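Asker: sequence? don't have it. structure:
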């Protein structure tokens, strides 16, 4: 399960388990390489190049290793999961993503929670 280890400047240091790394990786791979995403920056929240760089980082990530992610990174993965959940039908979803739809929804919801907490903490530090 995703663990927030620390918040440092404009980023979070997280530990991801093997399933989270795989889901993040697969969602980004689908939006970058699996199907066309109209207006990619608006839909995913980052440029396609940024998403590809994040995909490359995740491809080499190890389970439970501390990783640093920006809020943009977290939201890009969250938006990629949301896009994949909307694009793939429930029959093909497990085959392409390697996970049940409900597992990906839980991962997306966990990202929402972490991002919201991060924004809350940043807001209160500047207020």
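Answerer: All right, it came through fine. Owing to the predicted nature of the structure, the values given are computational and were not obtained by experimental measurement.

Asker: How about the contacts made by residue 35?
Answerer: By C-beta atoms under 8 Å, 6 or more residues apart in numbering, the contact list for residue 35 reads residue 87. From N, CA and C alone the C-beta is placed, and that goes for glycine too.

Asker: Would you check how far apart the residue lying closest to residue 18 once chain neighbours are set aside and residue 1 are?
Answerer: Counting by C-beta to C-beta, 6 or more residues apart in numbering, residue 18 lies nearest to residue 63, which is 4.2 Å off, once chain neighbours are set aside. Distance of residue 63 to residue 1, computed by C-beta to C-beta, to the nearest Å: 12 Å.

Asker: just residue 51 next, same as before
Answerer: Separation of residue 51 from residue 1 (C-beta to C-beta): 24 Å.

Asker: got the contact list for the residue nearest the centre of the chain?
Answerer: With distances taken as C-alpha atoms, centre = their mean, residue 77 lies nearest the centre of the chain, 2.2 Å away. By C-beta under 8 Å, 6+ apart, the contact set of residue 77 is 24, 27-28, 54, 111.

Asker: Next step: these restricted to helices.
Answerer: 24, 27-28, 54, 111 (DSSP state H).

Asker: Which stretches in this protein count as strands?
Answerer: For the chain, strands defined by DSSP state E occupy the ranges 3-8, 11-15, 66-70.

Asker: need these in TSV with distance to residue 90 and mean neighbour count, can you?
Answerer: Below are those laid out as TSV (distance: least, C-beta to C-beta, whole Å; neighbours: other C-beta atoms under 10 Å):
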stretch	distance to residue 90	mean neighbour count
strand 3-8	30	12
strand 11-15	29	18
strand 66-70	29	16
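
Asker: I'd like those as TSV, with distance to residue 115 appended.
Answerer: Listed next are the strands of the chain as TSV, based on distance: least, C-beta to C-beta, whole Å:
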stretch	distance to residue 115
strand 3-8	11
strand 11-15	9
strand 66-70	10
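
Asker: residue ranges with poor pLDDT in the protein?
Answerer: Residue ranges of the chain with pLDDT under 70: 120-127.
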